[in-house]
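1. sequence and predicted structure, then a few things I'm wondering about:
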Amino acid sequence: MSTLSPEILSTLEAQGIELPSWAFGNSGTRFRVFATPGTPRDPYEKIADAAQVHRFTALAPSVALHIPWDKVEDYADLRRHAEDQGVTLGTINSNTFQDEDYKFGALTHHDERVRRKAIEHHFECIDIMDETGSRDLKIWLAEGSNYPGQNDMRGRQDRLQDSLQQIYAHLTDGQRLVLEYKFFEPAFYHTDVPDWGTSYAQVAALGDRAVVCLDTGHHAPGTNIEFIVMQLLRLGKLGSFDFNSRFYADDDLIVGAADPFQLFRIIFEVIRGGGLNSPDVAFMLDQCHNIEKKIPGQIRSVLNVQEMTARALLVDREALAVAQAENDVLAANAIFMDAFYTDVRPALADWREARGLPRDPMAAFGASGYQEKIEAERVGGVQAGWGA
Ligand code: AOS
Ligand code: ZN
Ligand code: ZN
C-alpha cells in the first residue's frame, strides 16, 4: 500500500458511482442488437444485477432508472427490493424520444398538445421520485432539426424554458432538475440543448436546484472536457456526470477504455474544484454493453473510475502550485504526468483485501457462479431501449 496514503484511501472509501439500469439490458446499434444470455427480464432483475457490482467493489451503491423503460406497478416495492439487495434507487431519467408524438420535438414542440404531454411525463417522473426517494430528475432531450430552415430555433428555445419552468415548479424540496446536453444525434443539423452553455443558460434561469449534466461522450472531438468541468464547478452548476468513453461519436463504451488520460484530467479538475465526494455532484455511468457481458462490463467501469481517481489524488498539488507560480512549464507537467503514470492497481488490491473485498473483483465475480445462474434461469431478456 506504499503509494496510497491513509488520507487518499479514506477519500476513495467515500466514492460512490451510480449505475444505469439500462446498462444491464440488451443494447446495440441501429444495425443489430445482440441478445446476451442472462439479460434481465424486468427492473427487479436489473437491480439485482447492479447490486452484484456493488457487492464485489463497494463502489456502486445506487441505480438510476429510466421511465418508462423501468415502469413498475409499485415503486415502493421496487425500492424495498433495491434496499434488500444493498443498493438504493437514484436518478430518474425521463424519456421523450420513443413516442411517435415526439417526432418533431417534445418540450420544444410548437404544438401545445404535444408539449403538454411531454411536460406531464416529467410530472409523472417526479411522482415516481417521491416514491423511490430519488433526488434527481435527469432530462436529456433528443430534440432538434435536420435541415436549415426546418425550425425556428429561437422559438424552440423559448418554449424549452417555459416547459422547464413548469417542471421545475413541480419539484418538491430537495429534488433537483438536471439538464444534459449533447452536440448532435438524433438531430443532425441543430440540437436544442447542444452544449454546456445552453444547458447552463436554461438551468440558471430556473434556480438553484437546476443544474447541468455532463456526459463525457457528448462533445465534438478535440473538446477540452476538463475545462468545462472546471467552469461548471466554478459556477456551482455541475450537477452530475454521465461517464462513458468514445472513439467517434456517442459510443457509450466503458469509461476509461478509450482515453484513460482524459478521465484522469477530468477527475483532477473534479478534485481541484471540490466536486469529489460532494453531495452536489452525482457520478453516474451512462453506458451500453453491446457485445461484452454486462455485469463484468460495469465492474470494469467502476474500477476504472476508482483507479483514475486514485491516480488523480496522487498529484502533488502543492508542488504543482509552486511550479505553476514559477512558470516552470516542464516541472508542472512532470508533476501531473508522474501521478498519471503511477500504477495504483496493486495498492488498491491490497486495500480491498484489507476491507474484506476481493482483491480482484473481476475474477471474484467470474468465480461466483452468478453469471451461469442467470444464464440458466432467465430466458428472453429485455432490450435496454437503444437500437433496433
Ligand atoms: C443520450 O445520448 C444520453 O446520453 C442519455 O443520457 C441517455 O443515454 C439516455 O437517456 C438513454 O439511456
Ligand atoms: Zn447521457
Ligand atoms: Zn449519450
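-> Perfect, thanks for sending it. Ligands and ions are numbered 1, 2, ... in the order given.

2. quick one: secondary structure of residue 95?
-> Here residue 95 is coil, with the state taken from DSSP: H, G, I helix; E, B strand; the rest coil.

3. flag every residue of the stretch 51-200 of the chain that's near ligand 1.
-> Where proximity means Cβ under 6 Å from any ligand atom, the interface of the stretch 51-200 of the chain facing ligand 1 comprises 66, 93, 140, 180, 182. From N, CA and C alone the C-beta is placed, and that goes for glycine too.

4. tell me which residue of the stretch 101-250 of the chain lies closest to ligand 1.
-> Shortest the stretch 101-250 of the chain-to-ligand 1 distance, computed as Cβ to the nearest ligand atom: residue-wise this is residue 140, at 3.9 Å.

5. tell me, what residue is most central in the chain?
-> residue 242 (2.5 Å; Cα atoms, centre = their mean).

6. OK, contacts around it?
-> The contact partners of residue 242, by Cβ atoms under 8 Å, 6 or more residues apart in numbering, come to 180, 213-218, 284-286.

7. again, 7 Å this time
-> Residues near residue 242 by Cβ atoms under 7 Å, 6 or more residues apart in numbering: 180, 213, 215-216, 284, 286.

8. got it, and residue 285?
-> By Cβ under 7 Å, 6+ apart, the residues touching residue 285 are 17, 19-20, 23, 243-244, 255, 298, 301.

9. so when I look at residue 107, I'm seeing a helix, right?
-> No. Secondary structure of residue 107 (three-state DSSP): coil, not part of a helix.

10. not counting residues beside it along the chain, what's closest to it?
-> Of all residues not flanking residue 107 in the chain, residue 163 sits nearest, at 3.9 Å (Cβ to Cβ, 6 or more residues apart in numbering).

11. any idea how far the strand or helix carrying the one you found is from the chain center?
-> Remark: residue 163 resides in helix 153-170, with elements defined by DSSP states H and E. Mean-position distance between helix 153-170 and its chain equals 24 Å (Cα atoms, centre = their mean, to the nearest Å).

12. beta partners for the residue nearest to the centre of the chain?
-> According to DSSP bridges, residue 215, residue 284 are recorded as the beta-bridge partners of residue 242.

13. go on, residue 144?
-> residue 191.

14. how close does it sit to residue 150?
-> The spacing between residue 144 and residue 150, counted by Cβ to Cβ, to the nearest Å, is 9 Å.

15. could I get the pLDDT score of the spatially most distant residue from the centre of the chain?
-> Seen from the C-alpha centroid of the chain, the residue lying at the greatest distance (Cα atoms, centre = their mean) is residue 326, 37.7 Å away. Residue 326 is assigned a pLDDT of 98 by the prediction.

16. now do residue 35
-> 89.

17. that one against residue 27, yeah?
-> No. Contact criterion Cβ atoms under 7 Å: residue 35 and residue 27 do not qualify, at 10.3 Å.

18. more crowded one of the two?
-> Legend: neighbour count by other Cβ atoms under 10 Å for residue 35 and residue 27, higher for residue 27 (23 against 12).

19. isn't that one up against residue 291?
-> No. With contacts defined as Cβ under 7 Å, residue 27 does not count as touching residue 291, sitting 9.7 Å away.

20. what ranges do the helices span in the stretch 51-200 of the chain?
-> With DSSP state H, counting those that start in this stretch applied, the stretch 51-200 of the chain shows helices at 75-84, 112-132, 153-170, 196-204, listed in chain order.

21. which strands or helices does the last one pack on?
-> Taking 3 or more Cβ pairs under 7 Å, 6 or more residues apart in numbering; DSSP states H and E as the contact definition, the neighbouring helices and strands of helix 196-204 are helix 153-170, strand 176-180, strand 210-215.

22. quick one: distance of the last one to the chain centre.
-> Yep, that's strand 210-215 we're talking about. For strand 210-215, the gap between its own C-alpha mean and the chain's C-alpha mean amounts to 10 Å (Cα atoms, centre = their mean).

23. convert that strand to PDB, retaining C-alpha atoms only.
-> Backbone C-alpha positions of strand 210-215 (Å, rounded to 0.1, in the frame of the first residue of the first chain) are rendered in PDB as follows:
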ATOM      1  CA  ALA A 210     -31.400  23.200 -11.600                       C
ATOM      2  CA  VAL A 211     -28.000  22.000 -12.700                       C
ATOM      3  CA  VAL A 212     -26.100  20.600 -15.700                       C
ATOM      4  CA  CYS A 213     -25.300  17.000 -16.500                       C
ATOM      5  CA  LEU A 214     -22.000  16.500 -18.400                       C
ATOM      6  CA  ASP A 215     -22.000  13.300 -20.400                       C
END
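
24. next structured bit after that strand?
-> Next in sequence after strand 210-215, counting helices and strands by DSSP H and E, comes helix 225-234.

25. rewinding a little: could you export the contacts of residue 285 as a markdown table, including neighbour count, secondary structure and distance to residue 77?
-> Supplementary listing: the contacts of residue 285 in a markdown table, determined by neighbours: other Cβ atoms under 10 Å; DSSP: H, G, I helix; E, B strand; the rest coil; distance: Cβ to Cβ, whole Å:
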| residue | neighbour count | secondary structure | distance to residue 77 |
| --- | --- | --- | --- |
| 17 | 26 | coil | 25 |
| 19 | 30 | strand | 20 |
| 20 | 27 | strand | 21 |
| 23 | 27 | helix | 22 |
| 243 | 27 | strand | 30 |
| 244 | 26 | coil | 30 |
| 255 | 29 | coil | 31 |
| 298 | 28 | helix | 24 |
| 301 | 28 | helix | 28 |
